[in-house]
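1. I'd like to go over a predicted model; first the sequence, then the structure.
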Amino acid sequence: MNLEHNLKSEPASDAVLIELRRIIQSIDLHSRTLVKRFGLTGPQLTVLKTLDGEGEVSVGELSKIVSLRQATVTGILERLEKRSLVSRRRSEKDRRRVLVLTTEKADRLLKKAPSLLQDSFVEQFNNLEDWEQSMIKSALQRIVTMMDAKKIHAEPILTTGPIDEQEK
């Protein structure tokens with residue numbers, strides 16, 4: 001029995017749940033591959049790639065650029081610094097500001113690292129017509145409401161589980 005026929009014979013709710021599960025599994029597989037092959041989580045790779053593109057920035061600026069809480073970014077940076085992938089220093093102009101930069105070790109790692117799952121998603125999503133983007137967003141918002149998940153805080157990074165938990 002082919003997949004199309006199988007989905008047509010199932011209730012629509014089952015088909016939606018199957019597709020949601022596929023999305024979750026895709027994110028999980030990508031996350032596991034990143035950790036296994038490069039020893040990095042998705043959020044860590046996001047931070048490294050952002051630093052590589054931006055150059056030296058403050059922790060606050062970095063958190064805004066990657067759309068993560070400053071406390072989350074600080075935790076990520078601590079783990080990256082332990083692995084000698086980033087260096088941090090106090091600004092000479094304002095001693096309260098901590099500036100962050102990738103190291104040569106990070107630069108070598110980034111040359112081998114794959115693109116982030118959300119990068120290809122964003123590219124493909126942005127190529128859709130506006131009406132199609134709106135329909136997808138609306139449908140997902142409705143699913144969130146139906147699953148009583150509106151109060152769950154989520155970052156715009158495709159990874160499984162809470163980002164703070166993955167970073168420990």
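-> Thanks, I have the structure now.
2. From now on I want contacts and neighbour counts done on CA atoms only, so please keep to that.
-> OK.
3. Give me the next element, helix or strand, following the lengthiest helix in the chain.
-> Taking DSSP state H as the criterion, the chain has its longest helix at helix 12-38. Secondary structure here is assigned by DSSP states H and E; on that basis, the next helix or strand after helix 12-38 toward the C-terminus is helix 42-54.
4. Could you list every helix and strand that that following helix packs against?
-> For helix 42-54, the contact count by 3 or more C-alpha pairs under 8 Å, 6 or more residues apart in numbering; DSSP states H and E identifies helix 59-66, helix 70-82, strand 98-102, helix 104-112 as packing neighbours.
5. What are the contacting residues of that helix?
-> Contacts of helix 42-54 with the rest of the structure, by C-alpha atoms under 8 Å, 6 or more residues apart in numbering, involve 31, 34, 57, 62, 65-66, 73, 76-77, 80, 86, 100-102, 106-107, 110, 116, 157-159, 163.
6. mind redoing it with 7 Å?
-> In this structure, residues lying in contact with helix 42-54 by C-alpha atoms under 7 Å, 6 or more residues apart in numbering are 31, 66, 76, 101, 102, 157, 159.
7. Leaving out the residues flanking it, which one is nearest to residue 86?
-> residue 102 (4.3 Å; C-alpha to C-alpha, 6 or more residues apart in numbering).
8. That neighbour touches residue 85, doesn't it?
-> Yes - contact status for residue 102 versus residue 85: in contact at 5.9 Å, counting by C-alpha atoms under 7 Å.
9. Among the two, which residue is more densely surrounded?
-> Legend: neighbour count by other C-alpha atoms under 10 Å for residue 102 and residue 85, higher for residue 102 (24 against 20).
10. From residue 45, how far off is the more buried one?
-> As for residue 102, its distance to residue 45 is 11 Å (criterion: C-alpha to C-alpha, to the nearest Å).
11. do the same with residue 140
-> Here the distance between residue 140 and residue 45 works out to 26 Å (C-alpha to C-alpha).
12. For those two, indicate the residue with more neighbours.
-> Between residue 140 and residue 45, counted using other C-alpha under 10 Å, the more crowded position is residue 45 (24 against 12).
13. how much space between that one and residue 146?
-> For residue 45 relative to residue 146 (C-alpha to C-alpha), the value is 32 Å.
14. next one: residue 79
-> In this structure, residue 79 lies at 37 Å from residue 146, with C-alpha to C-alpha as the measure.
15. More neighbours: those two, which one.
-> For the pair residue 79 and residue 146, the greater number of neighbours falls to residue 79 (16 against 10), based on other C-alpha under 10 Å.
16. distance of the more buried one from residue 103?
-> Taking C-alpha to C-alpha as the measure, residue 79 and residue 103 are separated by 14 Å.
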